[in-house]
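Q: When you get a sec, could you give me coordinates for this:
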Amino acid sequence: MNHSAFDYQRVQVSGGVGINVATTGEGSPVVLLHGFPQTHLMWWHVAADLASEHTVIMPDLRGYGDSDKPADTGLTYAKRTMGNDVVEVARALGHDTFALAGHDRGALVAFRTGLDHPDHVTHLASLDVLPTLDMWDVMHGTSAAVGFHLYLMAQPPGLAEELIGARPDAFFGHFLDLWSTKPFPADVRAEYLRASREAVTSIVADYRASATVDVEHDTADSDATFRMPVTVLQQDWGAALGFDAEARWRRWAPNLDHRTVSCGHFMAEEAPDVVADALRDLLKR
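A: Residues are numbered from 1 along each chain as shown. Sure, this is the predicted structure:
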């Protein structure tokens, strides 16, 4: 895990929440948001590729990694709140506008940020996720078993935290193993497990928000569309679950480049060249 080229700083955002931020490179800014159960380190291959042309900004989302994990008050882990963090971090680093890419949970934050802050987000990329409303809409019947964790962590506070906290490495390791087509290097896997083990309560709060307040916010904006160019990279799991992922995304993103990637869920680490090339293509639009 070679991230020695990263510079680190802590940025304080609204509410006094400290966000751990890694940066590298020079040029126009690109903000990269990690997914579950990971940290900013998932981007290290892609960041090294982009650094010759761009300032690459990689925060740990609030509640993850080495960022603060404030107690949940109902809106603390709303994607709208987390998106505001992204804008504040970029501004603190001197960037009023920036390209934004997210994977998994980070893609949901990017989605909300693009809707809420179209004057700040110039380009938007999503890796291997559906928008929240579409995700809940397509998951039904036996196919919903693949998303059992979504339902577990949607429960009122208490049960999920207790169950996951009892065997955190087994829980988070399950997804690292199941969703990847090749094993993670031992040090990388150990770091993701450490970070997740220390963030059980806030990770559950993030997921619970996606079944509550995020649904409210996205429903209120269900007629909205993105003003910026959007690129979506996904596995071909839409076909297996019986829906058209591209059509789902195109409703939100008229200026869409939708691509199917032949790898596992963790595509920034499994196919970093593909991801970096797609981001470069996006930035040319």
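
Q: Helix, strand or coil: sort out V232 for me.
A: Classification of V232 by DSSP: H, G, I helix; E, B strand; the rest coil places it in strand.

Q: Enumerate every residue touching it.
A: 125-127, 245-246, 249, 253, 256-259 (CB atoms under 8 Å, 6 or more residues apart in numbering). To be clear about C-beta, it is placed using only N, CA and C from the backbone, and glycine gets the same treatment.

Q: Which residue ranges of the stretch 101-250 of the chain form helices?
A: Listed from the start of the chain, the stretch 101-250 of the chain has helices (DSSP state H, counting those that start in this stretch) covering 105-116, 132-138, 148-152, 159-166, 168-178, 186-197, 200-210, 213-220, 237-241, 245-252.

Q: Comparing those helices, which comes out most buried?
A: For those, average neighbour numbers computed from mean count of other CB atoms under 10 Å are highest in helix 105-116, which has a mean of 26.

Q: what sits up against that helix?
A: So helix 105-116 is in contact with 32-36, 61, 79-80, 82-84, 86-87, 100-102, 120-121, 124-129, 131-132, 206, 210, 214, 217-218, 221, 224, 226, 228, 230, 252, going by CB under 8 Å, 6+ apart.

Q: Who are the contact partners of the residue nearest to M267 when sequence neighbours are not counted?
A: In this structure, M267 finds its nearest non-sequential neighbour in V261, 5.3 Å apart by CB to CB, 6 or more residues apart in numbering. For V261, the contacting residues are 128, 233-235, 267, 271, 274-275, taking CB under 8 Å, 6+ apart as the criterion.

Q: if you set the cut-off to 6 Å instead, what comes out?
A: If a contact means CB atoms under 6 Å, 6 or more residues apart in numbering, then V261 has 233, 267, 271, 274 as its contacts.

Q: State the distance from it to G173.
A: Computed as CB to CB, to the nearest Å, the V261 to G173 distance reads 23 Å.
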